[in-house]
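[1] Curious how this folds, go ahead:
(one chain, ligands or ions: 1)
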Amino acid sequence: MTRKLLGLTVSCLAALLFAPVATATPQAAAPVRLVPEPSSVVTLPGQVFTLKSTAHIVAPAGAAATGQYLAGLLRPATGFRLPVTTISLPEDIGLPGDIRLTLGGPSSLGSEGYRLTATPVGVEVSANASAGLFYGVQTLRQLLPAKVEAKTVQSGPWTVAGVTVRDTPRYAWRGAMLDVARHFFPVPQVEQYIDLMSLYKMNTLHLHLSDNDGWRIDIKSWPRLARYGGSTDASRGPGGFYTQDDYSEIVRYAASRHVTIVPEIDTPGHVTAALASYAPLNCDGVAPPLLNPGWSSLCVPLEITYKWLDDVIGELAAITPGDYIDIGGDEAVNTSAADYKYFVNRLQAIVTAHGKKLMGWHQVEAGDLAGSALADYWGTAGSTDDEALAKVAQARGNKLVLSPADKVYLDMKYDANTPIGQDWAGYNSVQDSYDWDPATFVPGVADDVAGVEAPLWTDVFPTWDDVQFMAFPRLPGVAEIGWSAQRTHSWDAYRTRLAAQGPRWDVMGVKYFRSPDVPW
Ligand code: ACM
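    Model prediction:
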């Protein structure tokens, strides 16, 4: 079909968009160094796109939110207007120099895949769904100079190497876990974490909302949980908690970046903050002090335990659009095996009654789990007890999210010289966190792996600078393990691409560890 628009026909415009342009001023563009590595990258030698002040972002109705998001990314540093337009009006048709977002690609792109083409006449990102467009936009962001991340106007040129990218993820679950219980981090910091995750195409944030040291989500029917149980932290500081509105803001912000929030209420252990808040939850009816040292357990025989859980899970489920509620289940060392199994079964019924599926650390496989449950595997290499539970999960059809402590626990030190952090699972160097394969880490369960998660426990990290220092540069490596095809896996190539992220983090103010393993 051809239509007259601005004296040009649509078909002629399309030809213009994809024809090499002899008149384009040749400009240098940074080499293509992307994290995670796409499925396919074909560079177009000698071709460079330069974003100019006259550019539009052309986005049809279904892509408008992604278009606005992209404009919001690009406007501060470029100082350009970058109006976001649909193609319904003649003056809004994509003209040379524009960035065009298109919904509707081959079905092989799935819901998260995209295609991106950058030539001297424009950039086109196409995908089947807005998540795919969003990931194409993250790729475009990384193709632009690092200073595009600045919050104030910078001088250009805003060049992008000529390239065709076709990209789909390896795993559907690409997650991070942030422990806001040991130390509390307020909404803007969680949102910054979400932004940094989404720059690397991660799509799930598991929030560890309760532990011995603090309870971080307001539960209206049990108000002392947050107000008293949340009033301290692992450093004996003042703690803090999210109101339900705060939590909903995090959920909304995450959704705008295609990130799903998975809330965790850790049970039946790691519950001192809850036991301290309500005496009736204790077997002896006596509330321990806040920060009572040692292991803790909910009182499995007491019926009020399940009334309380029903209220907590009910309130949380009502403000959580994602499928999963995480019940923890790790390190229940003060709970007998029989009590543990009984407890997990009862709690599973509560989670189900509130319309959610159960997720837990892989020890929850000791319960009689439904096929829809998801196990978060935090075992270390060759740990036979843990691997046996992974086999139980497999037999039930429970998928595994791989969070192996000796690879991706971001609270482990990088090496012996790291000034902060833990070492019980060894040191996790930048290379360790990248150089493993989720399909073979636990032998025999390759087809049962849903994806990966990088946990960051904050027992010994009171500050947001600490969190950033431990997460970066390891978090992008876990993102790449989750996204990129195994055939692209190469530590040597990865470390060079990772190095290209450093200037970006410098501009963004991310406090990362300048690991000697990376050629910054
Ligand atoms: C854990 O590290 N206790 C799951």
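
[2] Quick check: end-to-end length of stretch 399-408?
    19 Å (C-alpha to C-alpha, to the nearest Å).

[3] contact partners of it?
    173, 175, 177, 359, 362, 374-381, 390, 393-394, 409, 412, 425-426, 428, 432-433, 436, 438, 441-442, 445, 448-455, 474, 478 (C-beta atoms under 8 Å, 6 or more residues apart in numbering). For every residue, glycine as well, the C-beta is placed using N, CA and C.

[4] And Met412, how far from Glu453?
    Met412 sits 15 Å away from Glu453, going by C-beta to C-beta, to the nearest Å.

[5] Please list which of the contacts of stretch 399-408 are also close to the ligand.
    Contacts with the ligand are made by Trp378 out of the contacts of stretch 399-408, judged by C-beta under 6 Å from any ligand atom.

[6] Just the ones of the contacts of stretch 399-408 in strands?
    Of the contacts of stretch 399-408, the ones assigned to strands by DSSP state E are 173, 175, 177, 359, 374-377, 449-455.

[7] for the protein, longest helix please?
    Using DSSP state H to define each element, the chain has its longest helix at helix 337-353.

[8] one step back: let me know the closest of the ones in strands among the contacts of stretch 399-408 to Gly509.
    Each of those was scored against Gly509 by C-beta to C-beta, and Ala454 proved nearest at 21.0 Å.

[9] what number of residues lie near that closest one?
    Ala454: 28 surrounding residues under other C-beta atoms under 10 Å.

[10] now the spatially closest residue to Asn212 that is not a sequence neighbour: how far from the ligand?
    Distance criterion C-beta to C-beta, 6 or more residues apart in numbering; nearest residue to Asn212, sequence neighbours excluded, is Thr272 at 3.7 Å. Going from Thr272 to the ligand by C-beta to the nearest ligand atom, to the nearest Å gives 15 Å.

[11] Same check on Ala150?
    Between Ala150 and the ligand the distance, using C-beta to the nearest ligand atom, works out to 37 Å.

[12] these two touch, right, that residue and Asp506?
    No - contact criterion C-beta atoms under 8 Å: Ala150 and Asp506 do not qualify, at 10.2 Å.

[13] buried sites along stretch 110-126?
    110, 112-126 (16 or more other C-beta atoms under 10 Å).

[14] Looking at those, which one is closest to the ligand?
    For those, the minimum distance to the ligand (C-beta to the nearest ligand atom) is 27.3 Å, reached by Glu112.

[15] sorry, back to before: now the buried members of the contacts of stretch 399-408.
    Judged by 16+ other C-beta under 10 Å, buried ones among these: 173, 175, 177, 359, 362, 374-379, 390, 393-394, 409, 412, 425-426, 428, 432-433, 436, 438, 441-442, 445, 448-455, 474, 478.

[16] Pull the number of nearby residues for the residue of the stretch 1-150 of the chain found nearest the ligand.
    Going by C-beta to the nearest ligand atom, the ligand is nearest to Pro36 of the stretch 1-150 of the chain, at 25.1 Å. By the criterion of other C-beta under 10 Å, Pro36 has 29 neighbours.

[17] my guess is it meets Pro476, correct?
    Yes - using C-beta under 8 Å, Pro36 is in contact with Pro476, at 7.5 Å.

[18] who touches both of these two?
    Common neighbours of Pro36 and Pro476, using C-beta under 8 Å, 6+ apart, are Tyr200.

[19] thinking again about what came up before, quick one: which of the buried residues of stretch 110-126 is nearest Glu331?
    Nearest to Glu331 among the buried residues of stretch 110-126: Glu112, at 33.8 Å, using C-beta to C-beta.

[20] On the pLDDT front, check the closest one for me.
    Looking at Glu112, its pLDDT reads 98.

[21] which stretches of the stretch 1-150 of the chain form strands?
    4-5, 8-9, 40-51, 57-58, 84-85, 98-103, 114-119, 122-127 (DSSP state E, counting those that start in this stretch).

[22] where does this structure come near the ligand, residue by residue?
    Residues of the chain lying near the ligand (C-beta under 6 Å from any ligand atom): Asp330, Glu331, Trp361, Trp378.

[23] List the residues that contact the last one.
    Right, the one you point to is Trp378. Per C-beta under 8 Å, 6+ apart, neighbours of Trp378: Asp330, Trp361, His362, Asp386, Ser403, Pro404, Ala405, Tyr409, Pro455.

[24] By proximity to the ligand, which residue of the stretch 151-300 of the chain wins?
    Counting by C-beta to the nearest ligand atom, the stretch 151-300 of the chain gets nearest the ligand through His270, at 7.9 Å.

[25] what about that residue, neighbour count?
    25.

[26] What are the buried residues along stretch 329-348?
    Gly329, Asp330, Ala332, Thr335, Asp339, Tyr340, Lys341, Tyr342, Phe343, Val344, Leu347, Gln348.

[27] of the residues you listed, closest to the ligand?
    Closest to the ligand out of the buried residues of stretch 329-348 is Asp330 (3.8 Å), distances taken as C-beta to the nearest ligand atom.

[28] Settle this for me: the closest one is touching Gly269, isn't it.
    Yes - checked against C-beta under 8 Å, the pair Asp330 and Gly269 is within contact range at 7.1 Å.

[29] which stretches of this structure have low pLDDT?
    For the chain, the stretches with pLDDT under 70 are 1-26, 88-95.

[30] could you redo the last one with a cut-off of 90?
    Along the chain, segments meeting pLDDT under 90 span 1-30, 60-61, 86-96, 104-106.

[31] residues in contact with the residue most central in space within it?
    In the chain, the residue lying closest to the centroid (C-alpha atoms, centre = their mean) is Met202, at 3.8 Å. Residues in contact with Met202 (C-beta under 8 Å, 6+ apart) are Arg174, Gly175, Ala176, Val259, Leu475, Val478, Ala479, Gly482.

[32] correct me, but the second one touches Gly451?
    Yes - at 6.7 Å, Gly175 counts as touching Gly451 under the criterion of C-beta under 8 Å.

[33] measure the closest residue to Thr243 other than its chain neighbours to Leu316 for me?
    Among residues not flanking Thr243 along the chain, Asp218 sits closest, at 5.0 Å (C-beta to C-beta, 6+ apart). Separation of Asp218 from Leu316 (C-beta to C-beta) stands at 10 Å.

[34] The stretch 101-250 of the chain: helices as residue ranges?
    Assigned by DSSP state H, counting those that start in this stretch, the stretch 101-250 of the chain shows helices spanning 130-143, 187-199, 224-227, 244-256.

[35] coming back round to it: turn the contacts of Trp378 into a markdown table, columns for distance to Pro45.
    Below are the contacts of Trp378 laid out as a markdown table (distance: C-beta to C-beta, whole Å):
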| residue | distance to Pro45 |
| --- | --- |
| Asp330 | 52 |
| Trp361 | 49 |
| His362 | 48 |
| Asp386 | 49 |
| Ser403 | 41 |
| Pro404 | 41 |
| Ala405 | 44 |
| Tyr409 | 42 |
| Pro455 | 42 |
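
[36] Quick check: of those residues, which lies closest to Pro238?
    Proximity of these to Pro238 (C-beta to C-beta) peaks at Pro455, which lies at 24.6 Å.

[37] how close does that closest one sit to Val333?
    Pro455 is 19 Å from Val333, by C-beta to C-beta.

[38] Tally up the residues packed near the nearest residue to Val271 once chain neighbours are set aside, please.
    Leaving aside its sequence neighbours, Val271 sits nearest to Ser296 (C-beta to C-beta, 6+ apart; 4.9 Å). Using other C-beta under 10 Å, Ser296 is surrounded by 23 other residues.
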